[in-house]
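K.L.:
fold the following.
(chains A and B)
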Amino acid sequence: MVQPATWFGDRAVLVQVDSAAERESLATSLTHLMPEALIRRGMASVLIEMPAPDPRLLETVEHHLSGVDATAIDLNVREEVRIVVDYSGDDLATTAIFFDVTRGDVIAAHTSQTWRVAMMGFAPGFGYLEPLDDPLLPWASLPRRESPRAQVPTGSVALAAGMSAVYPSSSPGGWHLLGTTTTRLFDPHNEEGPALLRPGLTVRFIDAADGNPA
Amino acid sequence: MISTASQVPIATTERAGLVTVQDLGRFGFTDVGVPVSGAWHRARHRLAVALVHGDIEDAHPLHPTLEILSTGLSLTFHEPQVFAVVGSAEVRIDGSDAATGVALQIAANSVLEIDHRGAGPAYLALSGWQPKRTLRSAATDSFSRLGGLAGDGTPVARGQTLLGQPELRTQHVGSFLRTTEGATGSISIITNDDPATEPFCNETWRVESTARSGVRLSGPNLPSGQSIASMPVVPGAIQLTSDGTAIILGPDGGLTGGYPVVGVVASAHTDRIADLAIGDNVHFDQADPVSAAEEFTAREQRLASAIIRPGALN
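P.N.:
Purely as a prediction, here's the structure:
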């Protein structure tokens, strides 16, 4: 159930949603209905931003909300990005111990899962990936590391709080590192498409050890 | 519109405090995690650009300035330029005092010294400077490590060269600012029916630290601040953290946040955040979106008529 929209400053409106499916249908619809606006996703919210203050924005968004039909959007038709991973991360062993399974089980669960880019932020090109189908392991029970690392290397494939992510550049980070990828997530010199990921895309991880991934 | 075909060195930095390259920002990439960034005090940046390049409506959003946050900046010029400094600063050309808020000429081999004074950023615009752009903007975002002279978000350093054109738009020389904005009062925020709103606006807050990523305020411990599901945020959003600190996000403050937002600063008042200094007391009051939009429009009209052209005095 979509909650009432609320002002977020004088040029933006925030809509809280109850499910990922609602978030996706709302963000997709509003992107088409309000081409002049910037639509950004949160984990459980959608922000509609205008270039300048607009006293009628709340009214406009409410009008569109009443017309959004979540069932009208086929969320299954999505571009899929495949990311090949060398599963030799520093936290793979402790993650396996946490779930009381083998390392191979963690890798199998991570690669069998379809992920979706729920939102982007934290760093350019950083996508918060949520499980799109029922996970083989209860990812959400694994919290962030107690002490974040000061430096997580570029390309680290990580897991925390029910989500997965790839670090597009080296940065501090508190997620559990399962492995690394050589796939480039962010290229500041590519103006047409600097980021590999976009909100709403689905992502599959491929184990580099599984023969020739290409 | 800016050609990079025949760039020449126009100036070299002899001294640089906390100085960054800015323009109005990096638009079009927020959905993939790239903040807009750009000038912190947008009106002052736009006025500096408009003094040198033309009217504020005509000023290209990608015309750059150097944003001076502390200490100062010295440049040796290799080519003649028209320049303007807007903000709280002392300016000297070859050791002689020069004015702020006016478009002036500087000759090759002259030295321009700018000493930052008081609170808030000061801006230097140059007529022929064409910094390289990262994702369509030269804006320095130290948080996302984009833009600036080196392209990696680092501030201006000593011994760096500004590239561009030997350009004298003499038709603008002598243009000056009619007024500057007066002392800032309370800061208007747009809120929702949050239990923290009323105590937040009733209290006095003290500035603990200030940076382009955000301004930290200490005040009463409000009953809020548990982390929430990550949500989109904007510059001017005020987060209440778990230790009772309030953070007003700045242009490099990132796009997502995990703390509750008590309110968002009205667009007409976001520049005031850039002028806050450590130790300042801050009061907030609530504005509704309609009056906030009216105040924004009125301020835009004031800015559009803020510049006097030499020809207009006849």
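K.L.:
ranges for the helices of the chain?
P.N.:
Assuming you mean chain A. Remark: helices assigned in chain A by DSSP state H are A:20-33, A:57-67, A:92-99, A:103-112.
K.L.:
please go with chain B instead
P.N.:
Using DSSP H, the helices of chain B run over residues B:42-53, B:197-202, B:270-274, B:289-304.
K.L.:
mean pLDDT lowest where, among the ones you listed?
P.N.:
In terms of average pLDDT, helix B:197-202 trails the rest of the helices of chain B, at a mean of 84.
K.L.:
got the buried residues for that helix?
P.N.:
Of all the residues in helix B:197-202, those buried under the rule 16 or more other Cβ atoms under 10 Å in any protein chain shown are B:T197, B:F200, B:C201. The C-beta positions use only the backbone N, C-alpha and C, and glycine is treated the same way.
K.L.:
what of stretch B:102-120?
P.N.:
B:102-106, B:110, B:112-116, B:119-120.
K.L.:
do stretch B:151-159 as well
P.N.:
Of the residues in stretch B:151-159, those scored as buried under the neighbour-count criterion (16+ other Cβ under 10 Å) are B:G151, B:G153, B:P155, B:V156.
K.L.:
without its sequence neighbours, what residue ends up closest to the first one?
P.N.:
If I follow you right, that is B:G151. If you skip the residues right next to it in sequence, B:G151 has B:T134 as its closest partner in space, 5.0 Å away by Cβ to Cβ, 6 or more residues apart in numbering or on different chains.
K.L.:
follow-up on the earlier one: buried deepest among the helices of chain A, which one?
P.N.:
Mean neighbours per residue, mean count of other Cβ atoms under 10 Å in any protein chain shown, is largest over those for helix A:20-33, with a mean of 19.
K.L.:
now it: mean pLDDT?
P.N.:
The average pLDDT for helix A:20-33 rounds to 92.
K.L.:
next, the angle helix A:57-67 makes with it.
P.N.:
Angle, helix A:20-33 to helix A:57-67, by axes from the mean of the first three to the mean of the last three Cα atoms, to 10 degrees: 120 degrees.
K.L.:
B:G174 and B:A99 touch, don't they?
P.N.:
No: with contacts defined as Cβ atoms under 8 Å, B:G174 does not count as touching B:A99, sitting 10.6 Å away.
K.L.:
so, low pLDDT: which residues of chain B?
P.N.:
Scanning chain B with the threshold set as pLDDT under 70 gives B:1-5, B:58-59, B:168-169, B:182-184, B:223-225, B:312-314.
K.L.:
also chain A?
P.N.:
Judged against pLDDT under 70, the low-scoring parts of chain A cover residues A:1-2, A:69-78, A:211-214.
K.L.:
show me the domain layout of it.
P.N.:
Chain A resolves into domains spanning A:6-72, A:80-207 when parsed by automatic domain parsing.
K.L.:
now those in TSV, with distance to chain B?
P.N.:
Conversion of those to TSV gives the following (distance: least, Cβ to the nearest Cβ, whole Å):
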stretch	distance to chain B
domain A:6-72	3
domain A:80-207	3
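K.L.:
columns distance to B:Q22 on top of those, output as CSV?
P.N.:
As requested, those are arranged in CSV below (distance: least, Cβ to Cβ, whole Å):
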stretch, distance to B:Q22
domain A:6-72, 18
domain A:80-207, 17
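K.L.:
what's the closest of those to B:E181?
P.N.:
Minimum separation from B:E181 across the domains of chain A (Cβ to Cβ) falls at domain A:6-72, 18.1 Å.
K.L.:
and the closest one, how far from the chain's centre?
P.N.:
A distance of 18 Å separates the centroid of the chain from that of domain A:6-72, by Cα atoms, centre = their mean, to the nearest Å.
K.L.:
what does stretch B:171-183 give?
P.N.:
On the basis of Cα atoms, centre = their mean, stretch B:171-183 is displaced by 17 Å from the centre of the chain it belongs to.
K.L.:
so what touches that stretch?
P.N.:
Where contact means Cβ atoms under 8 Å, 6 or more residues apart in numbering or on different chains, the residues beyond stretch B:171-183 that reach it are B:43, B:47, B:51-54, B:82, B:84, B:86, B:99, B:101-105, B:127, B:271, B:302, B:305-310.
K.L.:
output it as PDB, nothing but the C-alphas.
P.N.:
Extracted C-alpha coordinates of stretch B:171-183, given in PDB (Å, rounded to 0.1, in the frame of the first residue of the first chain):
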ATOM      1  CA  GLN B 171      32.500  45.100 -22.400                       C
ATOM      2  CA  HIS B 172      31.900  43.700 -18.900                       C
ATOM      3  CA  VAL B 173      34.800  45.500 -17.100                       C
ATOM      4  CA  GLY B 174      33.400  47.800 -14.400                       C
ATOM      5  CA  SER B 175      30.200  45.900 -13.900                       C
ATOM      6  CA  PHE B 176      29.500  45.700 -10.200                       C
ATOM      7  CA  LEU B 177      27.100  44.400  -7.600                       C
ATOM      8  CA  ARG B 178      24.400  46.800  -6.500                       C
ATOM      9  CA  THR B 179      24.000  45.100  -3.200                       C
ATOM     10  CA  THR B 180      25.000  42.000  -1.300                       C
ATOM     11  CA  GLU B 181      22.700  40.000   0.800                       C
ATOM     12  CA  GLY B 182      22.400  41.300   4.400                       C
ATOM     13  CA  ALA B 183      23.000  39.400   7.600                       C
END
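K.L.:
buried ones in that stretch?
P.N.:
B:H172, B:V173, B:G174, B:S175, B:F176, B:L177, B:E181.
K.L.:
CSV for the helices of chain A, including distance to B:I187?
P.N.:
Written out in CSV, the entries for the helices of chain A read as follows (distance: least, Cβ to Cβ, whole Å):
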stretch, distance to B:I187
helix A:20-33, 30
helix A:57-67, 21
helix A:92-99, 46
helix A:103-112, 46
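K.L.:
rewinding a little: between the buried residues of stretch B:102-120, which sits nearest B:S209?
P.N.:
Closest to B:S209 out of the buried residues of stretch B:102-120 is B:A119 (13.4 Å), distances taken as Cβ to Cβ.
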